[in-house]
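Colleague: Show me how the following folds:
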Amino acid sequence: METKGTDEVEKLKSKFMSAWHSVKYSWVLKTKTSFSRNSPVFLLGKCYHFKAEDEESPTESCTADEFDNDVVMGNVDDFRRDFASRVWLTYREEFATLPDSVVTSDCGWGCTLRAGQMMLAQALVLHFLGRDWTWPEALTLEALDTETRTSSAARRLVASLEASFQGDRPRLPEPLCQGGAEEADSHLKEVYHRTIVSWFGDTPSAQLGVHRLVHLGMASGKRAGDWYGPAVVAHILRKAVEAATDPGLKGINVYVAQDCTVYSADVIESHSAQADACGGPEGHVTDSRAVIILIPVRLGGEKINPDYFNFVKGILSLEYCIGIIGGKPKQAYYFVGFQDDSLIYMDPHYCQSFVDVSTSDFLLQSYHCPSPKKMPFIKMDPSCTIGFYSKSVQDYERICNELSKVLQPSLKEKYPAFTFMKGHGRDYELSVPAEKKEWPFIRDKRKAGATAGDFVLL
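Modeller: Next up, the predicted model:
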């Protein structure tokens, strides 16, 4: 009886904290973001230019809100469309309890998991849709109005404390696409789009959802409510893709670098697959799997070393780069680009309600963000995970050649952020399990203090 009472108290406490966070994190997108009209903007390998209508105009910057006006020319709409097409995964509330807990929201602690999900989602978009794909409705997204969203969050605060059950709303079946080849292609891309988003749904059955990630993190001693570093998340993502049962994810592997070293033979081996799993002759090995390469690195000591700024810019200028799981102390972000000395990122610190992605016509608007954010390079936490997408062995060889130029150390910084080596990791007697070789990214939380690489999540 006492145990039951304790569980009820914990559930009520969890519900109250979830509701409080939904109000608290409704304010994070209030500030406006300014962009220079005189400098190029890079977004995951693509370059955009914002030009003033009057070239002699003294105004040198514009805000994201001004994108809706005719003041700025150039390919601003292309940038808006591209950014808003990236899959945005944020805090959610009111979902099923997470494994081994009574927690029904990841508000306040799950930002690194969400940043990792966004990076993985971008890799899947490259795999199934290509870098040039954009969501047809990207430019129709409404600006995130703080007052409206906060009022809504306040209403949910009251409702969450009063309601104990929420009925399912009826859904209409998805209309079939009829027409020519162009319409059929558009419909197919939208099916892929919805499928990718559904894999990150906040349900226990979602292949790459937060429930699955928390469950896999338990093997490393993590629980719902704990902080997750960028290197820990890299290994959890690898396990999630490896354990996925959906046929669509069978053609993808995730490779996590060891000690800032990418072993080429291991990556090439990850590209190989038994052809019988892909419809070919049984037992025949073929180069048929794409590989997502995740590289946990540390770009400095207590703070980021400014000598790495150009390196980060070079990485984000490559089309096969899928972004960076990073952030600043106490907050994790998903870095997707830069302008001048500022990083462009997608912010997971925004609490939204649970969406049932198992229905055929679930709303996609909350999975796309119309508002890019910027942060000075100097505020970047030195611990991060860099991601790349390699479609084939030939792709990987090209990536190695191009990255070797980006990785050239500067005159002040003698060591590159990471390296490529021939052979397998086992050839170098790396007998310690990968999860144990993440220093300085993981620390025993029983020890006092924390490193600058740890994210202390609010």
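Colleague: what's the distance between the residue nearest to Leu294 when sequence neighbours are not counted and Leu213?
Modeller: Counting by C-beta to C-beta, 6 or more residues apart in numbering, Ala234 is the residue found nearest to Leu294 once chain neighbours are left out, at 4.2 Å. Every residue, glycine included, has its C-beta placed from N, CA and C. Distance, Ala234 to Leu213, using C-beta to C-beta, to the nearest Å: 12 Å.
Colleague: The closest residue to Leu208 other than its chain neighbours - how many residues pack around it?
Modeller: Of all residues beyond its chain neighbours, the one nearest Leu208 is Trp199 (4.7 Å), with distances taken as C-beta to C-beta, 6+ apart. Per other C-beta atoms under 10 Å, the neighbour tally for Trp199 reads 23.
Colleague: Make sure Trp199 is actually in contact with Asp246.
Modeller: Yes - judged on C-beta atoms under 8 Å, Trp199 makes contact with Asp246 at a distance of 6.9 Å.
Colleague: ranges for the strands of the stretch 51-200 of the chain?
Modeller: Taking DSSP state E, counting those that start in this stretch, the strands of the stretch 51-200 of the chain run over residues 61-63, 72-74, 92-93.
Colleague: ok, back up a step: shared neighbours, Trp199 and Asp246?
Modeller: Gln207 (C-beta atoms under 8 Å, 6 or more residues apart in numbering).
Colleague: re the thing from before, which one of the strands of the stretch 51-200 of the chain has the lowest average pLDDT?
Modeller: Lowest mean pLDDT within those: strand 72-74, at a mean of 44.
Colleague: on that earlier part again, overlap in contacts of Ala234 and Leu213?
Modeller: Common contact partners of Ala234 and Leu213 (C-beta under 8 Å, 6+ apart): Gly116.
Colleague: Do I have it right that Ile346 meets Tyr334?
Modeller: For the record, residue 346 is Met, not Ile. Yes - at 4.5 Å, Met346 counts as touching Tyr334 under the criterion of C-beta under 8 Å.
Colleague: Now the common contact residues for these two.
Modeller: Joint contacts of Met346 and Tyr334 (C-beta under 8 Å, 6+ apart) are 115, 118.
Colleague: gap between Leu294 and Leu213?
Modeller: Computed with C-beta to C-beta, the distance linking Leu294 and Leu213 is 14 Å.
Colleague: hang on, I meant Leu188
Modeller: Look at Leu188 and Leu213: by C-beta to C-beta, they are 28 Å apart.
Colleague: Have a look at those two and say which one is more surrounded.
Modeller: Just comparing Leu188 and Leu213: by other C-beta under 10 Å the higher neighbour count belongs to Leu213, 27 against 13.
Colleague: State the three-state secondary structure for the nearest residue to Leu403 once chain neighbours are set aside.
Modeller: Leaving aside its sequence neighbours, Leu403 sits nearest to Phe420 (C-beta to C-beta, 6+ apart; 7.3 Å). Under DSSP: H, G, I helix; E, B strand; the rest coil, Phe420 falls in the strand class.
Colleague: what's the distance between the nearest residue to Glu319 once chain neighbours are set aside and Arg398?
Modeller: Among residues not flanking Glu319 along the chain, Gly45 sits closest, at 3.2 Å (C-beta to C-beta, 6+ apart). Distance, Gly45 to Arg398, using C-beta to C-beta: 13 Å.
Colleague: Which residue of the two possesses the greater neighbour count?
Modeller: Between Gly45 and Arg398, Gly45 has the larger neighbour count (other C-beta under 10 Å), namely 16 against 13.
Colleague: Model confidence for that one, exactly?
Modeller: 95.
Colleague: That one against Gly323, yeah?
Modeller: No - assessed by C-beta under 8 Å, Gly45 is found out of contact with Gly323, at 10.2 Å.
Colleague: and for the two, which residues touch both?
Modeller: Listed as contacting both Gly45 and Gly323 by C-beta under 8 Å, 6+ apart are Leu316.
Colleague: could you pull out the helices for the protein?
Modeller: Per DSSP state H, the chain carries helices over the ranges 2-24, 76-85, 111-128, 146-162, 181-199, 210-217, 230-243, 264-271, 309-316, 393-406.
Colleague: Tell me which of those helices sits most buried.
Modeller: Ranked by mean neighbour count under mean count of other C-beta atoms under 10 Å, the helices of the chain are led by helix 111-128, which reaches a mean of 26.
Colleague: quick revisit: now list whatever residues contact both of Leu294 and Leu213.
Modeller: Leu237.
Colleague: re earlier: neighbours around the residue nearest to Leu403, how many?
Modeller: 18.
Colleague: Contacts only, for the residue nearest to Glu319.
Modeller: Shown in contact with Gly45 (C-beta under 8 Å, 6+ apart): 131, 316-321.
Colleague: who wins for neighbours among these?
Modeller: Cys321 leads the contacts of Gly45 on contacts (other C-beta under 10 Å) with 26 neighbours.
Colleague: where does the closest residue to that residue other than its chain neighbours land on pLDDT?
Modeller: Leaving aside its sequence neighbours, Cys321 sits nearest to Ile315 (C-beta to C-beta, 6+ apart; 5.4 Å). pLDDT, Ile315: 96.
Colleague: Does Ile315 touch Thr385 like I think?
Modeller: No - checked against C-beta under 8 Å, the pair Ile315 and Thr385 is beyond contact range at 11.7 Å.
Colleague: which neighbours do these two share?
Modeller: Joint contacts of Ile315 and Thr385 (C-beta under 8 Å, 6+ apart) are Ile324.
Colleague: follow-up on the earlier one: tabulate the helices of the chain (a markdown table), appending distance to His49.
Modeller: Output for these, formatted as a markdown table (distance: least, C-beta to C-beta, whole Å):
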| stretch | distance to His49 |
| --- | --- |
| helix 2-24 | 37 |
| helix 76-85 | 9 |
| helix 111-128 | 23 |
| helix 146-162 | 30 |
| helix 181-199 | 27 |
| helix 210-217 | 37 |
| helix 230-243 | 31 |
| helix 264-271 | 35 |
| helix 309-316 | 16 |
| helix 393-406 | 22 |
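Colleague: Convert the C-alpha atoms of stretch 358-373 to PDB, please.
Modeller: Extracted in PDB, the C-alpha atoms of stretch 358-373 (Å, rounded to 0.1, in the frame of the first residue of the first chain):
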ATOM      1  CA  SER A 358       1.100   6.200 -35.900                       C
ATOM      2  CA  THR A 359      -1.800   7.900 -37.700                       C
ATOM      3  CA  SER A 360      -1.400   8.400 -41.500                       C
ATOM      4  CA  ASP A 361      -2.200  12.100 -41.400                       C
ATOM      5  CA  PHE A 362      -0.400  13.400 -38.300                       C
ATOM      6  CA  LEU A 363       0.500  17.100 -38.400                       C
ATOM      7  CA  LEU A 364       4.100  17.700 -39.500                       C
ATOM      8  CA  GLN A 365       4.300  21.400 -38.500                       C
ATOM      9  CA  SER A 366       5.700  20.800 -35.100                       C
ATOM     10  CA  TYR A 367       8.600  18.800 -36.600                       C
ATOM     11  CA  HIS A 368       9.900  21.800 -38.600                       C
ATOM     12  CA  CYS A 369      11.200  25.000 -37.300                       C
ATOM     13  CA  PRO A 370      10.800  28.400 -39.100                       C
ATOM     14  CA  SER A 371      13.200  30.200 -36.900                       C
ATOM     15  CA  PRO A 372      17.000  29.800 -37.100                       C
ATOM     16  CA  LYS A 373      19.100  30.700 -34.100                       C
END
